[in-house]
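Colleague: Here you go, sequence then predicted model.
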Amino acid sequence: MGRRFPLGEEFFNRSRTTRRPVRSLCDIEQERTLWVSAGSIRSSASKERHWAHPLLTGMDVTCEVMVCLQEDAMPRAYLLSPRFQPYFADTTVHPHPRGDHTILHEGQLLPGLCVFSSAELKFRDDINFYTQFLDQLTQYVAKHLIWLRTRRLCRWNGSGVSILHQPAPGEAIPERAPSAQWVQLPTGAVRVTNFWSGYWPERAASATTSGQHLRQIKPSQRCWCGLNRPYGECHRPIESRLAEQIHSE
């Protein structure tokens, strides 16, 4: 059973201007401490400018998430509003969805959020775990909103990427699903794919393969799979054997 949480009537605190989202964006990129209060992010007094500033309009939105607690495992999180549609995303830029956490919600498949992608599974022992989890979830959704407002429709033709449409500041961005089709060019038929690509501020998960897990996750850290176990006692032995098999081939 999951519990729904509204993340603030105005996610970036009450403001009808773009200043608070821009300040929060600069705070995230500079890795400053983010203050989260009642599901809203309170920005600093920074006056820094950012190239994405003109695009961050209409950010005073209400977001709703669902958190599912699990026994002996990390909580699972789902973004209900605005809808999280990973198949619109360039997942090499936008942190990958947790397809293994997908659930059926109100008739639609809903993937889990990789909440820990920016934290790299690091938690402090002197702060309540669930407090840290909800804070990280709030920051993840904030970055996702920035990604939504900065995204543009792109096309991959097998050899390069071109931009099909760059939404203007404040323009409603259509939820157009990516498409794959064959296009006849003078040089022959080429399979092209359309996708949304936006800007994800600050760090994202840098360990997404077995080899990267072995190099970057310490045995004492929580395992990436979500079970509440140290990596050294969970997936590390499996991935070590897999790495040895690949190396010996």
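Modeller: Arrived safely. Numbers count the residues shown, from 1 in each chain.
Colleague: residues in contact with Gln166?
Modeller: Residues in contact with Gln166 (CB atoms under 8 Å, 6 or more residues apart in numbering) are Arg152. In short, each C-beta sits where N, CA and C put it, glycine included.
Colleague: distance of it from Leu56?
Modeller: Distance of Gln166 to Leu56, computed by CB to CB, to the nearest Å: 15 Å.
Colleague: What of Phe195?
Modeller: Separation of Phe195 from Leu56 (CB to CB) stands at 22 Å.
Colleague: Please report how far the spatially most distant residue from the centre of the chain lies from Gln221.
Modeller: Of all residues in the chain, Pro186 sits farthest from the chain's C-alpha centroid, using CA atoms, centre = their mean; the distance is 39.0 Å. Applying CB to CB, the value for Pro186 to Gln221 is 53 Å.
Colleague: Tell me how this structure divides into domains.
Modeller: Using automatic domain parsing, the domain parsing of the chain gives 2-150, 210-248.
Colleague: What count of nearby residues applies to Leu145?
Modeller: Residues within reach of Leu145, counting by other CB atoms under 10 Å, total 21.
Colleague: That one against Thr62, yeah?
Modeller: No: using CB atoms under 8 Å, Leu145 is not in contact with Thr62, being 11.2 Å away.
Colleague: from the domains of the chain, which stretch is densest packed?
Modeller: Ranked by mean neighbour count, the domains of the chain are led by domain 2-150 with a mean of 17 (mean count of other CB atoms under 10 Å).
Colleague: Show the low-confidence segments of this structure, by residue range.
Modeller: Counting by pLDDT under 70, the ranges of the chain that qualify are 1-22, 37-40, 45, 60, 85-96, 116-122, 173-178, 203-208, 249.
Colleague: nearest to Arg191, of the domains of the chain?
Modeller: Ranking these by proximity to Arg191 (CB to CB) places domain 2-150 first, at 16.9 Å.
Colleague: quick one: the strands in this structure?
Modeller: With strands called from DSSP state E, the chain shows them at 2-6, 35-37, 40-42, 64-70, 73-81, 98-105, 108-112, 152-156, 161-165, 180-185, 188-197.
Colleague: among the ones you listed, which is nearest Thr209?
Modeller: Between the strands of the chain, strand 98-105 lies closest to Thr209; by CB to CB that is 15.2 Å.
Colleague: The longest helix anywhere in the chain to strand 64-70, inter-axis angle?
Modeller: For the chain, the helix that runs over the most residues, judged by DSSP state H, is helix 129-150. On the basis of axes from the mean of the first three to the mean of the last three CA atoms, to 10 degrees, helix 129-150 is oriented at 140 degrees to strand 64-70.
Colleague: Restricting to C-alpha, output helix 129-150 in PDB.
Modeller: The C-alpha coordinates for helix 129-150 follow below in PDB (Å, rounded to 0.1, in the frame of the first residue of the first chain):
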ATOM      1  CA  PHE A 129      16.500   7.800   7.100                       C
ATOM      2  CA  TYR A 130      13.000   8.600   6.000                       C
ATOM      3  CA  THR A 131      13.500  12.300   6.500                       C
ATOM      4  CA  GLN A 132      16.500  12.100   4.200                       C
ATOM      5  CA  PHE A 133      14.600   9.900   1.700                       C
ATOM      6  CA  LEU A 134      11.700  12.500   1.400                       C
ATOM      7  CA  ASP A 135      14.200  15.400   1.100                       C
ATOM      8  CA  GLN A 136      16.000  13.600  -1.700                       C
ATOM      9  CA  LEU A 137      12.700  12.800  -3.300                       C
ATOM     10  CA  THR A 138      11.700  16.500  -3.200                       C
ATOM     11  CA  GLN A 139      15.100  17.400  -4.900                       C
ATOM     12  CA  TYR A 140      14.600  14.700  -7.500                       C
ATOM     13  CA  VAL A 141      11.200  16.000  -8.500                       C
ATOM     14  CA  ALA A 142      12.600  19.600  -8.600                       C
ATOM     15  CA  LYS A 143      15.200  18.500 -11.100                       C
ATOM     16  CA  HIS A 144      12.600  16.600 -13.100                       C
ATOM     17  CA  LEU A 145      10.500  19.800 -13.300                       C
ATOM     18  CA  ILE A 146      13.600  21.700 -14.600                       C
ATOM     19  CA  TRP A 147      14.100  18.900 -17.100                       C
ATOM     20  CA  LEU A 148      10.500  19.200 -18.300                       C
ATOM     21  CA  ARG A 149      10.800  23.000 -18.800                       C
ATOM     22  CA  THR A 150      14.100  22.800 -20.700                       C
END
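Colleague: Thanks again, I'm all set now.
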